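turn this into a structure:
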Amino acid sequence: MDNKILIAFDDSENAMRAVEYIVNFFDTHNKITLFNITQDSATLCDMNSPELTPYFKSQQTSFCTLEDKKKSLVNSALKKAQKKLIAAGFEEKNVIIKTQIKKKGVARDIVKEAESGYNTIVIGRRGLSGIKEFIMGSISQKVFNLVKDISVLVVN
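From the prediction side, this is the model:
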């Protein structure tokens, strides 16, 4: 039986380790989706309101340039992961890249996508620093706690 596997993906080393885990331990007949949630930074970059603080207004271009660079890095990492899966024998038509602007929250958006017909979610264990993770909780932990009836594989 072929499975539909959702890999929660960003440009981190842990996300790439999740891809490597799939390459090493999953059958190449599975359907893989590399799924990335992006922040809605376009709204901030397009803002042109007199109410904006002068400091933000002066830094807006720099912020938007950084956001564009981040998107470029993520897109590059997604393509690299896709090529790695295809090189390992997964059919090109079965390796999909999907990006989505954050709607409710990264973990909730991952679970919502997974509920659309996936058998397994694969996610890297850490993306935050230890202190941030302690205060906010990790995305992988939130996904694990939110999901029902879908297997979750957390890759170290």
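
okay, and the helix or strand of this structure with the least pLDDT?
Within the chain, no helix or strand scores below helix 130-136, which has a mean of 46 by mean pLDDT, DSSP states H and E.

and the next element down the chain from that one?
helix 139-146 (DSSP states H and E).

show me which positions of that following helix end up buried.
For helix 139-146, a neighbour-count test (16 or more other C-beta atoms under 10 Å) marks 139-144, 146 as buried. In this view, the C-beta of every residue, glycine as well, is placed from N, C-alpha and C.

just curious, which of these is nearest to V155?
Minimum distance to V155 across the buried residues of helix 139-146 is 8.9 Å, recorded for S140 (C-beta to C-beta).

how about that closest one, what does it touch?
8, 123-126, 152, 154 (C-beta atoms under 8 Å, 6 or more residues apart in numbering).

can you say which of those residues are buried?
8, 123-124, 126, 152, 154.

next, give me the two most distant ones among those residues.
With distances taken as C-beta to C-beta, the most widely separated pair in these is R126 and V152, at 14.9 Å.

hey, where'd the helices end up in this protein?
Along the chain, counting by DSSP state H, helices occupy 13-25, 42-46, 54-87, 106-114, 130-136, 139-146.

quick one: which of those is nearest D2?
Of all the helices of the chain, the one in closest proximity to D2, counting by C-beta to C-beta, is helix 13-25 (13.4 Å).

what separates the closest residue to V111 other than its chain neighbours from K112, distance-wise?
For V111, the nearest residue in space outside its immediate sequence neighbours is L146; the separation is 4.7 Å by C-beta to C-beta, 6 or more residues apart in numbering. Distance of L146 to K112, computed by C-beta to C-beta, to the nearest Å: 9 Å.

swap in Q60?
Counting by C-beta to C-beta, the separation of Q60 from K112 is 31 Å.

my guess is N14 contacts V122. True?
No: in this structure, N14 is not within contact of V122 by C-beta atoms under 8 Å, at 10.8 Å.

show me the shaky parts of the chain.
For the chain, the stretches flagged by pLDDT under 70 are 1, 41-44, 46-57, 126-137.

hmm, 80 instead?
Across the chain, the stretches falling below the confidence threshold (pLDDT under 80) are 1-2, 39-63, 66-67, 126-137.

so V106 is in contact with I37, correct?
Yes: the pair formed by V106 and I37 meets the contact definition of C-beta under 8 Å, at 4.8 Å.
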